[in-house]
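Q: Return a 3D structure for these sequence lines:
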Amino acid sequence: MANTFKSNVAANIVTSGNTIYTCPSATQTTLIGLTLSNKSAGTVTSNVYLTRSAVDYSIISNAPILTGSTLVPIGGDQKVVLQAADVLKVTTSANGSLDVIASLLEIA
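A: Purely as a prediction, here's the structure:
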């Protein structure tokens, strides 16, 4: 089994449909860190969720992120294991307001 560290980034997150990462087939992935950075002029809210078999599971819901600040919903003691075909998604209340960095460990 090969272990590969990866970093997925996404800029200018919009209000719907932002796929940050899709777990490849025959792979398990540990999401070891997720950072959401508000680069807008106002407070925004964000949602992070995992989609498995067409069902969305909330990791955070309507979490406020102040202007110029960062939210780290996954990291430290918090980890999330993704199975093959799972999708990590992020949305925000204002188009273009967030940048996202996901740190991952793929096990294939």
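Q: Next, count neighbours for Leu50.
A: Using other CB atoms under 10 Å, Leu50 has 20 neighbouring residues. The way it works is simple: take the backbone N, C-alpha and C, and place the C-beta from them, glycine included.
Q: which residues in this structure form helices?
A: Counting by DSSP state H, the chain has no helices at all.
Q: Output the below-cut-off pLDDT ranges for it.
A: Counting by pLDDT under 70, the chain shows no low-confidence range.
Q: which ones are touching the closest residue to Ala102 other than its chain neighbours?
A: Of all residues not flanking Ala102 in the chain, Asn8 sits nearest, at 4.5 Å (CB to CB, 6 or more residues apart in numbering). By CB atoms under 8 Å, 6 or more residues apart in numbering, the residues touching Asn8 are Ile20, Tyr21, Ile101, Ala102, Leu104.
Q: Those residues in strands, which ones?
A: Using DSSP state E, the subset of the contacts of Asn8 located in strands is Ile20, Tyr21, Ile101, Ala102, Leu104.
Q: With that, I have no additional questions.
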